[in-house]
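Trainee: just to be clear, the model below is a prediction. Sequence and coordinates:
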Amino acid sequence: MDAALNTTALQRTRFAPLRSPLSFETFGLGEEKTTMTLNVCPADTVRAPVERVWDLLMQPAGYGRFWEFTVERVEPEGPAMVGQKFVGWTKPLCRRWRWRIDGEIQELDAERHHILFHMSLPFGLVSSNRIMCARIDEQRCTLRYG
């Protein structure tokens, strides 16, 4: 497989910090609300130069190439920039349900290869995702997502 097109590690990064306001009213338990936080930071070695991985991350319209996600639109179109929004849908779950996902790029640090974005997921889940790439050598990098 061509190392420049190897997105296996990117495909493994499906989990992110989640913050979800849970309404007890939804369950008939009154109006009290609570927040549950889940933090994970998966990492993997990618057999591609850090610049190639960063180029993939700088193209929000192509996020569906390594996530189980179909990008519907990016506003404004073009390379990633702070304030840019993207909307898409999950691939069908259980061959039936597709869920809408809205995202916005909050920070972008091209020098350090970091990108931060917030995503609104189904059931009121909000995800804050930071993706970081670090060079190991000329042909490999470490990719962290969390």
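Mentor: Okay, I see it. Numbering: from 1, shown residues only.

Trainee: ok, His113 touching Arg52?
Mentor: No. Using Cβ atoms under 8 Å as the test, His113 is too far from Arg52 to be in contact (11.3 Å). Placement of C-beta: from N, CA and C, glycine included.

Trainee: which one's more surrounded, those two?
Mentor: The neighbour count for His113 versus Arg52, taken as other Cβ atoms under 10 Å, is higher for His113 (20 against 16).

Trainee: residues in contact with the nearest residue to that one once chain neighbours are set aside?
Mentor: Spatially, and ignoring its direct neighbours in sequence, His113 is nearest to Cys133 (3.9 Å; Cβ to Cβ, 6 or more residues apart in numbering). Residues counted as contacts of Cys133 (Cβ atoms under 8 Å, 6 or more residues apart in numbering) are Val46, Val50, Val53, Trp54, Leu57, His113, His114, Cys141, Thr142, Leu143, Arg144.

Trainee: tell me the bridge partners for Cys133.
Mentor: Taking DSSP bridges as the rule, Cys133 bridges to Leu143.

Trainee: what's the spacing between it and Gly146?
Mentor: 13 Å (Cβ to Cβ, to the nearest Å).

Trainee: and what of Pro122?
Mentor: Pro122 is 21 Å from Gly146, by Cβ to Cβ.

Trainee: which one's more surrounded, those two?
Mentor: Ranked by neighbour count (other Cβ under 10 Å), Pro122 and Gly146 place Gly146 first, with 16 against 12.

Trainee: residue ranges of the strands in this structure, please?
Mentor: Along the chain, the stretches classed as strands by DSSP state E are 18-23, 33-38, 43-46, 69-75, 85-90, 100-109, 114-120, 126-137, 140-145.

Trainee: hey, C-alpha coordinates of the fourth one in CSV?
Mentor: Pointing back at strand 69-75 there. As requested, the backbone C-alpha atoms of strand 69-75 are provided in CSV (Å, rounded to 0.1, in the frame of the first residue of the first chain):
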residue,chain,number,x,y,z
PHE,A,69,-18.6,10.3,8.1
THR,A,70,-19.9,11.8,4.8
VAL,A,71,-19.2,15.5,4.5
GLU,A,72,-22.2,17.3,3.1
ARG,A,73,-20.8,20.9,3.0
VAL,A,74,-17.9,23.0,4.2
GLU,A,75,-18.4,26.8,4.8
